[in-house]
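*Asks:* coords please:
(one chain, ligands or ions: 1)
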Amino acid sequence: MHRRAEWPTASNLRQWDFDDAGEQALLALEARYCSYGDTVHYWNTRKIFERCDGSFLYDGEGREFLDLQMWYSAVNFGYRNPRLDAAARRQLDRLPQLASQYLHREKIELASVIARDAERKFGMKGRVQFNVGGSQAIEDSLKLVRNFKKGKSLMLAFEGGYHGRTLGASAISSSYRYRRRYGHFDNRAQFVPFPYHFRGPKGMSKAEYGEHCVQQFARLFESEYHGVWDPKVGEAEYAAFYVEPIQGTGGYIIPPKSFFVELKKVLDAHGILLVVDEVQMGFYRTGKLWSIEHFGVRPDVLVFGKSIANGLNPLAGIWAREELINPEIFPPGSTHSTFNANPMGTAVAAEVMSMLGETDYEAMVMEKGAYFLEGLRDLQHDHKIVGDVDGLGLALRMEICEPRDSFTPAKAIVDRMVDEGMRGDIDIGGRRYGLVLNIGGYYKNVVTLAPSLHISKEEIDLALKLLDIVLGRATRH
Ligand SMILES: Cc1ncc(COP(=O)(O)O)c(C=O)c1O
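*Replies:* Numbering: from 1, shown residues only. The predicted structure follows:
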């Protein structure tokens, strides 16, 4: 039997009081006690932030950093958004905790809003299943697809695609790096080229390259010898194609307008489901609630996450058409997580949906995005290291290349840009700023810009000035 004296007492705990630890002491503790398995140690600079507001993060010395990545698009509506924070506080005071076998109003309302919106847009009835993060929602979608396709476990996905880092999600993400240490899983996807026009064959327009990629994909079904199709019974070996309409981690690559319509024709002809991953590009990042709405196709399953609760509480989920998710085919207990439809997350998400219904986000985001993109084009003109810029809404890209040809990927230069931004010493009008950037792309040389959708015109001007200085510093190094 344990004696009470063996339990930690207040006096043993006192030695763990870190209130006075300065930044260097905290970094030393981090180096000793935090796993390096997450992405903190990707970068040269480990940075501790203390505060956030709107488009800015603040460090311990009060320096302000303009954030152009907003927690990889998990905070599309700005840090400490007053309306969304108030919804969180109301829920905290009323029903913050509830086991997921019981119901609360916010879950039901949120699922209804998402499903009704999908019914209106896609003309299909469907249902919503929540989970805590994008990867977990991807796992749920894999279950749904494998179940509907009677255990078929093979998937198609794009080169450059990213769907998360759980085991199932890594198996359909293109980077072998995420799988290398952990053995094989039977649903590893077959990866198909995405129309990355900037690095596509010379002499082809963007539209032509899109058509070319679809034709190459369609070729797989021409003969049984291409390894995916049995023409005798008319059956594909693959259950679903996982797509990000705009590739996120892959470097904010925007395919041509007609691409998904043409791709979907091939999928429909061969009984392959379309799963659309909106985890990063959803919630008006590209000017529509779902980025697939730009492309005129209807998904069978749609996966969402990140900004649904503006980063205040983990929440993600899937919408699927009724045939795949009705209670007969996907019965109680098919999936579960303790925190799956948690009251805090669903309450904020319900408020997000109301907010989106009241303001014309599409017009706002498209206008700000066009203004920002124009500024990026000016930067491209002034800096040889900017090989390509593009954007849809406020999902913007800037591809950093060697100055000699403005084409060869220049990872070292882009890494210097990130480090320069993190120094927090850029003087603009007598005020010192830092810049928070995220890097993606096939060659890790693309600045993937995802500012707050509430960013002001003055803040976009500030962003362009800061980028101009950081580009200059990284080139001169
Ligand atoms: C397109 C896409 N899918 C899935 C995920 C995984 O989401 P999470 O990191 O919440 O597990 C991400 C995360 O960046 C993503 O960008």
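
*Asks:* so where do the helices sit in the stretch 301-450 of the chain?
*Replies:* 322-325, 343-358, 361-382, 411-423 (DSSP state H, counting those that start in this stretch).

*Asks:* among the ones you listed, which comes closest to the ligand?
*Replies:* Of all the helices of the stretch 301-450 of the chain, helix 343-358 sits nearest to the ligand, with 12.2 Å by CB to the nearest ligand atom. From N, CA and C alone the C-beta is placed, and that goes for glycine too.

*Asks:* contact partners for Ser258?
*Replies:* 207, 210-211 (CB atoms under 8 Å, 6 or more residues apart in numbering).

*Asks:* need the helices of the stretch 301-450 of the chain in JSON lines (columns: mean pLDDT).
*Replies:* JSON lines is the format used below for those (pLDDT from 0 to 100):
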{"stretch": "helix 322-325", "mean pLDDT": "98"}
{"stretch": "helix 343-358", "mean pLDDT": "98"}
{"stretch": "helix 361-382", "mean pLDDT": "98"}
{"stretch": "helix 411-423", "mean pLDDT": "96"}
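
*Asks:* deepest-packed of these, please.
*Replies:* Highest mean neighbour count among the helices of the stretch 301-450 of the chain (mean count of other CB atoms under 10 Å): helix 343-358, with a mean of 21.

*Asks:* that helix vs helix 361-382, what angle?
*Replies:* 90 degrees (axes from the mean of the first three to the mean of the last three CA atoms, to 10 degrees).

*Asks:* who are the packing partners of helix 343-358?
*Replies:* Packing contacts for helix 343-358, counted by 3 or more CB pairs under 8 Å, 6 or more residues apart in numbering; DSSP states H and E, involve helix 82-94, helix 105-122.

*Asks:* and the contacts of Ser258, which are buried?
*Replies:* Buried members of these, counted by 16 or more other CB atoms under 10 Å: 210-211.

*Asks:* the contacts of Ser258 in helices, which ones?
*Replies:* Cross-referencing the contacts of Ser258 against helices under DSSP state H gives 207, 210-211.

*Asks:* so which of those is the closest to Glu351?
*Replies:* Gly210 (37.8 Å; CB to CB).

*Asks:* so the closest one makes contact with Val261?
*Replies:* No - assessed by CB atoms under 8 Å, Gly210 is found out of contact with Val261, at 10.0 Å.

*Asks:* which bits of the stretch 151-300 of the chain sit near the ligand?
*Replies:* 162-164, 244, 248-249, 277, 279-280 (CB under 6 Å from any ligand atom).

*Asks:* whoops, I mixed them up, the stretch 301-450 of the chain
*Replies:* Gly305.

*Asks:* return the helix or strand in the chain with minimum mean pLDDT.
*Replies:* Every helix and strand in the chain was compared by mean pLDDT, DSSP states H and E; the lowest is helix 10-14, with a mean of 61.

*Asks:* and the next helix or strand past that helix?
*Replies:* Remark: after helix 10-14, the chain's next helix or strand is helix 23-33, criterion DSSP states H and E.

*Asks:* just list the residues touching Gly78, thanks.
*Replies:* By CB under 8 Å, 6+ apart, Gly78 lies in contact with 54-55, 70, 310, 452-455.

*Asks:* can you name the two of those that are farthest apart?
*Replies:* Pairwise distances across the contacts of Gly78 (CB to CB) peak at 14.6 Å, for the pair Asn310 and Ile455.

*Asks:* need the contact list for Val365.
*Replies:* Residues in contact with Val365 (CB under 8 Å, 6+ apart) are 284-287, 393-394, 453.

*Asks:* turn the residues you listed into JSON lines, including pLDDT.
*Replies:* JSON lines is the format used below for those (pLDDT from 0 to 100):
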{"residue": "Tyr284", "pLDDT": "98"}
{"residue": "Arg285", "pLDDT": "98"}
{"residue": "Thr286", "pLDDT": "98"}
{"residue": "Gly287", "pLDDT": "98"}
{"residue": "Gly393", "pLDDT": "98"}
{"residue": "Leu394", "pLDDT": "98"}
{"residue": "Leu453", "pLDDT": "98"}
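
*Asks:* list only buried entries from the residues you listed.
*Replies:* 284-287, 393-394, 453.

*Asks:* mind giving me the packing neighbours of the strand or helix carrying Phe191?
*Replies:* Applying DSSP H and E as the criterion places Phe191 in strand 190-192. Secondary-structure packing of strand 190-192 (3+ CB pairs under 8 Å, 6+ apart): strand 154-158, helix 206-219.

*Asks:* ok, and what's touching that strand?
*Replies:* Contacts with strand 190-192, where a contact means CB under 8 Å, 6+ apart, come from 154-159, 161, 174, 213, 216-217, 228, 238, 241.

*Asks:* check stretch 50-65 too.
*Replies:* Against stretch 50-65 from outside (CB under 8 Å, 6+ apart): 23, 47-49, 66-67, 70, 78-80, 421-422, 424, 431-436, 451-452, 454-455, 459.

*Asks:* show me which of those residues are buried.
*Replies:* The neighbour-count criterion (16+ other CB under 10 Å) marks 47, 66-67, 70, 78-79, 421-422, 424, 433-436, 451-452, 454-455, 459 among the contacts of stretch 50-65 as buried.

*Asks:* the closest residue to the ligand within the stretch 351-477 of the chain pairs with what?
*Replies:* Using CB to the nearest ligand atom, the closest approach of the stretch 351-477 of the chain to the ligand is made by Gly440 at 9.3 Å. When assigned by DSSP bridges, Gly440 has beta-bridge partners Val446.

*Asks:* then Leu156?
*Replies:* Gln190, Phe241.

*Asks:* on the pLDDT front, check the residue nearest the centre of the chain for me.
*Replies:* In the chain, the C-alpha nearest the mean C-alpha coordinate belongs to Gln280, at 2.4 Å (CA atoms, centre = their mean). On pLDDT, Gln280 comes in at 98.
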